[in-house]
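S.K.: Show me how the following folds:
(one chain, ligands or ions: 1)
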Amino acid sequence: MPIAWDPATMASGIPTVDQQHRQLIEWLNDLLAAMSQDQGGAEVAAVLARLDTYADTHFAFEERCMVKYRCPVARINMAAHAYFMKTFGELRDEYEAGDVSPDLALRVERDLAQWFADHIKRIDAKLAPCVKRAAA
Ligand SMILES: [Fe+2]
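M.R.: Numbers count the residues shown, from 1 in each chain. From the prediction side, this is the model:
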């Protein structure tokens, strides 16, 4: 099941952050599709490399926004990002070590894609009222 961008529950109040979220959701869906359709290592490896770099850049940017707008979940957000990058690295290592099992694909779906969608709703969306308050 691909994950979907939903402005009603995911908007962060910062267009650049939202744009980055949409890009990451697109590539996470590409990763799920490539893994489930077993498109071969090259496509999966390419998406993994794109995600790795972009997630890192996005998280750093978003963390600066949370500090700037004094978001109360800034620290929780940083810890969550570290958790994602750790999980991402573990799953990438397993894949690169030759694991192409359906179980790995399921964990990518649950621990990366679904996790990321939930993270945006539960934590990143808390930026929106802070941005609004700063503009008032
Ligand atoms: Fe976040």
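S.K.: The residue in the chain that the ion sits nearest to - how many residues pack around it?
M.R.: Closest to the ion within the chain is Asp124: 4.3 Å, counting by Cβ to the ion. For every residue, glycine as well, the C-beta is placed using N, CA and C. Using other Cβ atoms under 10 Å, the number of residues around Asp124 comes to 25.
S.K.: Quick check: closest non-adjacent residue to it.
M.R.: Nearest non-adjacent residue to Asp124, counting by Cβ to Cβ, 6 or more residues apart in numbering: Ser12, 5.0 Å away.
S.K.: What of Val47?
M.R.: Leu31 (4.6 Å).
S.K.: top helix in the protein by residue count?
M.R.: Assignment by DSSP state H gives helix 41-68 as the longest helix of the chain.
S.K.: before we move on, the earlier item: please name every helix or strand in contact with the helix or strand that the residue nearest to Val47 is a member of.
M.R.: In this structure, Leu31 sits in helix 15-36 according to DSSP states H and E. Judged by 3 or more Cβ pairs under 8 Å, 6 or more residues apart in numbering; DSSP states H and E, the packing partners of helix 15-36 are helix 7-10, helix 41-68, helix 102-107, helix 115-122.
S.K.: ranking those by burial, who's on top?
M.R.: helix 115-122 (a mean of 18; mean count of other Cβ atoms under 10 Å).
S.K.: Could you check the angle that one makes with helix 41-68?
M.R.: Orientation check (axes from the mean of the first three to the mean of the last three Cα atoms, to 10 degrees): helix 115-122 against helix 41-68 gives 20 degrees.
S.K.: Alright, I will stop here.
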